[in-house]
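Engineer: Please find the sequence and the predicted model below.
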Amino acid sequence: MSTQKSLQPSYSRITPIKNSWYMNKKKKILDLSGQTLNLSFGEPPSEIKKAVIDEINKNAFFSSRFGSQVFDDLSTLLTKNAPPNICCINHKLSDGSDAVETALKLGCENIRSTNIIALKNAWHGETMATLQLSNKLRSKYLGSNVNIDFTSGTNLESLIEKVNNTNKPSVVILDPIGFSTGLFEFHQIKTLLPKLREICQKKGHFLIFDEIQSFGGYLNGKLFSYDVFNVESDAIAIGKALGQGFPISACLYSNEFSELLYNEAEFTHGGQPPACAAAISGINYLFKHQSIIDKSIVLWNKFLDELECIFNDSLFVIRKVGFICSLTPNDKLEVYELTELLFESGLIVRKGNSSKSILIKAPINFDEDMYIWAIKIFKESILKLKNIKSNRQYIEIGNKHNKNISNIELLLKKFPKILLNKRTINQQYKIASELEDLGIPSPNFIIHNDILSYRKIDGVFLNKYTIKTALEAKSILNQLIDYIIKAHSNNIIIGNRCTENTIWNGTNIIFCNFDIGYKNKNKYVMTFEHLFLLLNHIILIPKELNRVKIIKPYLFELVDIHNNNDLKDIAIKFQNFFNSQDKTEEFLSVSIDQYKEVLDEFLNIINDI
């Protein structure tokens, strides 16, 4: 299949039945995730679909240059129901990332600064600027030229502390319910959100509420967070449920700020009349069926109460805001296991909070049939989870140091500035946790019977793998180098990055085994580690794939990052080491001749740079 791997389906296709019910391989399944589109009623009701079809039948040409009545009507409807200070709108946008990016542009333009304060582990979109709002951004090449100041924690208190300590006017962005961080506690939102707003106004910060996850009725039938928490912001980004499955989003803002100009924030397919019709019909449907939603709220809260009883003897933290709930276990493996068990039994939930939590997002027309089905499946799945936990198989890696340690010690004799660090089990666990916090994948480590272990994962160690295409080679090297650069920028030395410590599952790289490290944390060691990782993995690329062409950008990057005499000195020391090997035929499971060949290519390119 030529489709990008990340876009290929994880499961077999589902067939809609009605509302949030589907069929999957002749098995009935209930969606309590909202899926990607966050359909607040499940599959759009027939009257919403009719509104879209009627609008399509009216129009043959959808250019916003000439306007449309339904575009104006949506503008009026949203601003009429928005918080009191919000009276301007840009809804010629297609998705949530557009809306957040537009809000950022407004904020930065009006405070005359690109300084942005964002919550650690939050998620706001996939454009160049919005990707950089994630502290787990994989590569510096995927972000834009804005200055992001992340909080130390993932809670509202840490954001308030950061905002209060920042005197320069900045853009502050927040999802008011903390969806991507596993939800804030409701009473904390009520208490701390007004305080955040007060500090932002006092300091001159531009406050953005990213309400893409909560808009459209998920807050007990209300449209905006203001309707529940009574706190204003300078701009609001909405999307997902707004379009009822059709592509539209919006940025709403106060009229005390200067607007963006033509060609600065309007997208070709944004504000299309059919999508506007879907949005209007969805909002009106919500207003019209408040009595049904009120009954759903009662039933949903009953479900959550029973869910707390089901998890009463488990180490799960449960948080709830409106029709949204998060389940966070002490044991991260349970997120993966329970998610799969629920799906196998007929219930779709989603992983969130960096896969530390299960997130449940109920349709706002949650009914008795959904309640009975969901409770039954949760009870069955928890029993199965207990059985899985008692029979887990672990791969032990922490009881002895890497078998190649003698080779590494031999190599380091050429590098007196670098001292070997044989890490303890706790040190290995700490490194893995620090990397995970940065978004650098590693297995789900646990200390099991005083031995560092992990559950078997899909994939193969690269020392037993043959790279087949240039695309695959680039995918592997991109991730490897992105992660080493990110670790170094956070003052982390990962340690022995040979191919038998790298797992590849065909899409993603996973770092494994952290028993060998280096005691020093300086530029020389980082240059060594970057070059060592690159060298050890370039060897995997068959020469017939035009290896020199593939590796050239990575060597230019290496020189750009480590532009000093150390780089050439380290490369020559590697060459001297391999030339001096007269008895050992291989190093780290690879023949010495292969190393020599790659190093020659390596140095030829570096000398030409």
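Structural biologist: Ah, there it is. In this text, all values refer to a predicted model and were calculated from it rather than measured experimentally. Numbering: from 1, shown residues only.

Engineer: Now do the buried residues in the longest strand belonging to the chain.
Structural biologist: In the chain, assigned by DSSP state E, the strand with the most residues is strand 86-93. Using 16 or more other CB atoms under 10 Å as the test for burial, strand 86-93 gives 86, 88-93. Just so you know, the C-beta spots here come from the backbone N, C-alpha and C atoms, and that holds for glycine as well.

Engineer: Who are the packing partners of the helix or strand hosting residue 278?
Structural biologist: Assigned by DSSP states H and E, residue 278 belongs to helix 273-288. Other elements packing on helix 273-288 under the criterion 3 or more CB pairs under 8 Å, 6 or more residues apart in numbering; DSSP states H and E are helix 46-58, helix 69-81.

Engineer: So which residues make contact with the longest strand of the chain?
Structural biologist: 64, 71, 74-75, 78-79, 99, 102, 232, 236, 239, 248-255, 259-260, 265-267, 270-271, 276 (CB atoms under 8 Å, 6 or more residues apart in numbering).

Engineer: Tell me what angle the helix holding residue 278 forms with helix 69-81.
Structural biologist: For helix 273-288 against helix 69-81, the angle by axes from the mean of the first three to the mean of the last three CA atoms, to 10 degrees is 40 degrees.

Engineer: excluding its backbone neighbours, what's nearest residue 421?
Structural biologist: residue 517 (4.0 Å; CB to CB, 6 or more residues apart in numbering).

Engineer: so where is this structure shaky, pLDDT-wise?
Structural biologist: 1, 60, 313, 396-404, 448-450, 456, 581-585 (pLDDT under 70).

Engineer: Residue 28 and residue 358: what is the separation?
Structural biologist: 21 Å (CB to CB, to the nearest Å).

Engineer: Just the CA atoms of the helix or strand containing residue 100, as CSV, please.
Structural biologist: Assigned by DSSP H and E, residue 100 falls within helix 96-111. Below are the C-alpha coordinates for helix 96-111, written out as CSV (Å, rounded to 0.1, in the frame of the first residue of the first chain):
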residue,chain,number,x,y,z
GLY,A,96,-8.5,22.6,14.8
SER,A,97,-4.9,23.1,13.9
ASP,A,98,-6.0,26.0,11.6
ALA,A,99,-8.0,27.6,14.5
VAL,A,100,-5.2,27.3,17.0
GLU,A,101,-2.6,28.6,14.5
THR,A,102,-4.9,31.6,13.8
ALA,A,103,-5.3,32.3,17.5
LEU,A,104,-1.5,32.2,17.9
LYS,A,105,-1.0,34.6,15.0
LEU,A,106,-3.5,37.0,16.6
GLY,A,107,-1.8,36.8,19.9
CYS,A,108,1.8,37.2,18.7
GLU,A,109,0.8,40.1,16.4
ASN,A,110,-0.9,41.9,19.3
ILE,A,111,1.7,41.4,22.0
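
Engineer: all helices of the stretch 401-550 of the chain, in order?
Structural biologist: 405-412, 425-437, 470-489, 523-538, 547-561 (DSSP state H, counting those that start in this stretch).

Engineer: do the stretch 101-250 of the chain as well
Structural biologist: Under DSSP H, counting those that start in this stretch, the stretch 101-250 of the chain gives helices at 128-131, 156-164, 186-203, 226-229.

Engineer: Between these, which one is closest to residue 549.
Structural biologist: Closest approach to residue 549 among those (CB to CB): helix 128-131, 26.7 Å.

Engineer: Tell me the buried residues in that closest one?
Structural biologist: 129-131.

Engineer: ok so, going back, can you put the helices and strands packed on helix 273-288 in TSV and add distance to residue 178 and mean neighbour count?
Structural biologist: Formatted as TSV, the helices and strands packed on helix 273-288 follow (distance: least, CB to CB, whole Å; neighbours: other CB atoms under 10 Å):
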stretch	distance to residue 178	mean neighbour count
helix 46-58	29	15
helix 69-81	23	16
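
Engineer: out of those, nearest to residue 198?
Structural biologist: helix 69-81 (24.4 Å).

Engineer: contacting residues around that closest one?
Structural biologist: 55, 64, 86-89, 91, 223-224, 238, 250, 252, 271, 273, 276-277, 279-280, 283.

Engineer: could you redo the last one with a cut-off of 6 Å?
Structural biologist: 87, 89, 223, 271, 273, 276-277, 279-280 (CB atoms under 6 Å, 6 or more residues apart in numbering).

Engineer: thinking again about what came up before, now the buried residues of helix 128-131 as a markdown table including distance to residue 466?
Structural biologist: Formatted as a markdown table, the buried residues of helix 128-131 follow (distance: CB to CB, whole Å):
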| residue | distance to residue 466 |
| --- | --- |
| 129 | 39 |
| 130 | 37 |
| 131 | 32 |
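
Engineer: which residues touch residue 525?
Structural biologist: With CB under 6 Å, 6+ apart, residue 525 has these contacts: 418, 518.

Engineer: That one and residue 570: what is the separation?
Structural biologist: Counting by CB to CB, the gap from residue 525 to residue 570 is 10 Å.

Engineer: quick one, which of residue 28 and residue 358 is more surrounded?
Structural biologist: residue 358 (26 against 11; other CB atoms under 10 Å).

Engineer: Just the C-alpha atoms of the strand or helix carrying the more buried one, please, in CSV.
Structural biologist: In the assignment (DSSP H and E), residue 358 maps to strand 357-361. C-alpha atoms of strand 357-361 as CSV (Å, rounded to 0.1, in the frame of the first residue of the first chain):
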residue,chain,number,x,y,z
SER,A,357,-4.7,7.4,30.6
ILE,A,358,-7.8,5.9,29.0
LEU,A,359,-10.1,8.7,27.8
ILE,A,360,-13.8,8.1,27.5
LYS,A,361,-15.9,10.6,25.5
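
Engineer: Could I have the buried ones of the contacts of strand 86-93 as PyMOL selection syntax?
Structural biologist: In PyMOL, this line selects whichever of the contacts of strand 86-93 come out buried by 16+ other CB under 10 Å:
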select buried, resi 64+71+74+75+78+99+102+232+236+239+248+249+250+251+252+253+254+260+265+266+267+270+271+276
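
Engineer: Could you check how far the residue nearest to residue 108 when sequence neighbours are not counted is from residue 105?
Structural biologist: Leaving aside its sequence neighbours, residue 108 sits nearest to residue 114 (CB to CB, 6+ apart; 5.4 Å). With distances taken as CB to CB, residue 114 is found 10 Å from residue 105.

Engineer: Same check on residue 568?
Structural biologist: Applying CB to CB to residue 568 and residue 105 gives a distance of 43 Å.

Engineer: If you count surrounding residues, which of the two has more?
Structural biologist: residue 105 (18 against 14).

Engineer: Can you get me a residue count around residue 24?
Structural biologist: With other CB under 10 Å as criterion, residue 24 counts 16.

Engineer: pretty sure it is touching residue 15, no?
Structural biologist: No: using CB atoms under 6 Å, residue 24 is not in contact with residue 15, being 7.7 Å away.

Engineer: Which parts of the protein belong to which domain?
Structural biologist: 12-43+290-390, 46-288, 405-608 (automatic domain parsing).

Engineer: Including distance to residue 5, could the ones you listed go into JSON lines?
Structural biologist: Shown next, in JSON lines, are these (distance: least, CB to CB, whole Å):
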{"stretch": "domain 12-43+290-390", "distance to residue 5": "17"}
{"stretch": "domain 46-288", "distance to residue 5": "15"}
{"stretch": "domain 405-608", "distance to residue 5": "5"}
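
Engineer: Nearest to residue 4, out of these?
Structural biologist: domain 405-608 (10.0 Å).

Engineer: Straight-line length of that closest one, end to end?
Structural biologist: End-to-end distance of domain 405-608 (CA to CA, to the nearest Å): 34 Å.

Engineer: do stretch 360-375 as well
Structural biologist: 13 Å.

Engineer: What residues of the helix or strand that comes right after the helix holding residue 278 count as buried?
Structural biologist: Downstream of helix 273-288, the first helix or strand assigned by DSSP H and E is helix 290-310. Of the residues in helix 290-310, 292-293, 296-297, 300, 303, 307, 310 count as buried by neighbour count, 16+ other CB under 10 Å.
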